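Chemist: Predicted model, plus sequence, below.
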Amino acid sequence: MPRPRISRKVSGTPKATYFKPRGVPLGDLGEAYLTVEGLEALKLADLESLTTTEAAARMEVSRHTFGRILADARRAVADALVNALALRIEGGEYSVTDEAKRPAPPKKRTVHMNIIAISSEGPALTDMVDSRFGRAAGFVVVDLDTMATSYVDNGQSQAMAHGAGIQTAERIADAGAGVLLTGIVGPKAFQALEAAGIKVGQNLEGITVGEAVERYKSGQVPFADGPNK
C-alpha cells in the first residue's frame with residue numbers, strides 16, 4: 001500500500017496565478033504548470049536564500065523532497081521562459097501554514113562574489129587544496145577586495161556519517177562566500193551550494209590555495225554546472 005503524501009507547508013496562496021508573454025494572444029499559447037509548493041520552494045531558495053535544510057524545515061519536508069520540488073519548479077519556469085509559454089500556478093499537495101504558530105524565520109544569509117572559500121589541508125595560502133569538499137579539513141576564506149584571509153575549520157563535518165556535504169555547504173554560506181574552489185563535489189552538496197547561491201570551481205587539486213586563488217582571479221576557473229562525483 002503506497003504511503004500517503006505529506007502535505008507541504010506554504011506561507012500563503014499565490015498573489016497571481018497566471019503569467020503570459022506580452023503581445024501573444026492567449027489562444028496561441030501553450031502552458032507550463034508550476035505547483036503552489038513549487039512556487040514556495042522558489043521563494044525560499046531563490047528569493048530568501050535559505051539553505052536546503054532551512055527551506056525543507058519551513059515546508060516540513062525532507063531535504064530530498066525539497067530538492068525535488070525545487071528542481072521541478074525551476075524546470076517549469078525555464079520551460080515557460082525558453083519556449084514562450086504561459087505559466088499557470090495551481091495545484092499540488094500543500095497546506096497554508098498558520099502564521100501565528102510559525103517559528104521565527106532563521107537569519108538570512110548573504111553571500112558575496114568577492115569572497116571565495118577554498119577547501120584546504122591547512123589555514124595558509126601555501127597549504128595544498130583539499131580535493132574533498134564535504135570532508136575537507138577546512139576552508140581558507142579570501143576577501144578579494146582586501147586579500148584578507150580567515151580559516152573555517154570543518155572538523156565537525158569530517159566526523160559525520162551522513163550529510164557532510166550539506167553541512168559543509170551551510171558552513172561556507174555562513175562565511176559569506178559566494179564562490180567555492182575545490183576538487184570534487186557530490187550531487188547533494190552541489191545542490192546545497194546551488195541553493196545557497198554559491199558558484200563552484202572544481203578539479204583544483206594538486207595546487208596550493210594561493211595558486212587556486214590566482215588561477216581564479218585570472219579567469220582560468222570556470223563555474224561548474226553540475227557535480228563532478
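Modeler: Yep, it's here. If you're wondering where the values come from, they're calculated on a predicted model, not measured in any experiment. Residues are numbered from 1 along each chain as shown.
Chemist: I'd like the distance from the residue of the chain most remote from its centre to Pro21, if you could.
Modeler: Most distant residue from the mean C-alpha position of the chain: Gly27, 36.8 Å away (Cα atoms, centre = their mean). Distance from Gly27 to Pro21, counting by Cβ to Cβ, to the nearest Å: 13 Å. Any C-beta I mention is one placed from the backbone N, CA and C, and that applies to glycine too.
Chemist: Report the contact partners of the closest residue to Ser11 other than its chain neighbours.
Modeler: For Ser11, ignoring the flanking residues on the chain, the nearest one in space by Cβ to Cβ, 6 or more residues apart in numbering is Thr97 at 5.9 Å. Shown in contact with Thr97 (Cβ atoms under 8 Å, 6 or more residues apart in numbering): 9-11.
Chemist: just the buried members of those residues?
Modeler: Burial by neighbour count, judged by 16 or more other Cβ atoms under 10 Å, picks out 9-10 from the contacts of Thr97.
Chemist: so which of the contacts of Thr97 comes closest to Ala175?
Modeler: Among these, Ser11 lies closest to Ala175 (Cβ to Cβ), at 28.0 Å.
Chemist: distance of the closest one from Leu44?
Modeler: To Leu44, Ser11 is 9 Å away according to Cβ to Cβ.
Chemist: Tell me if I'm right that Val142 and Ile116 touch.
Modeler: Yes - taking contacts as Cβ atoms under 8 Å, Val142 lies within contact range of Ile116: 5.3 Å.
Chemist: where do the contact lists of these two overlap?
Modeler: Shared contacts of Val142 and Ile116, defined by Cβ under 8 Å, 6+ apart, comprise Val213.
Chemist: hang on, the earlier thing: can you tell me which of the contacts of Thr97 are in helices?
Modeler: Secondary structure from DSSP state H places none of the contacts of Thr97 in helices.
Chemist: Just send the contacts of Thr97 back as a markdown table, with pLDDT too.
Modeler: Shown next, in a markdown table, are those (pLDDT from 0 to 100):
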| residue | pLDDT |
| --- | --- |
| Lys9 | 90 |
| Val10 | 91 |
| Ser11 | 88 |
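Chemist: who does Ala148 bridge with?
Modeler: Going by DSSP bridges, Ala148 is paired in beta bridges with Asp143.
Chemist: Contacts only, for the closest residue to Pro123 other than its chain neighbours.
Modeler: Of all residues not flanking Pro123 in the chain, Tyr151 sits nearest, at 3.8 Å (Cβ to Cβ, 6+ apart). By Cβ under 8 Å, 6+ apart, the residues touching Tyr151 are 120, 123, 138-141.
Chemist: so Tyr151 sits in a helix?
Modeler: No - under DSSP: H, G, I helix; E, B strand; the rest coil, Tyr151 sits outside any helix and is assigned strand.
Chemist: which residues do Ser11 and Leu44 both contact?
Modeler: Arg58.
Chemist: Strands of the chain, start to end?
Modeler: 8-10, 18-19, 31-34, 86-89, 94-96, 112-120, 138-143, 148-153, 177-181, 199-201 (DSSP state E).
Chemist: ok, residues contacting the last one?
Modeler: Which is strand 199-201. 113, 178-182, 185, 190, 193-194, 212, 216, 221-224.
Chemist: Of these, just the buried ones, PyMOL syntax please.
Modeler: Command for PyMOL, covering only those of the contacts of strand 199-201 found buried under the criterion 16+ other Cβ under 10 Å:
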select buried, resi 178+179+180+181+182+185+190+193+194+212+216+221+224
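Chemist: for the contacts of strand 199-201, which one is nearest Met59?
Modeler: Using Cβ to Cβ, the contacts of strand 199-201 come closest to Met59 at Glu194, 17.6 Å.
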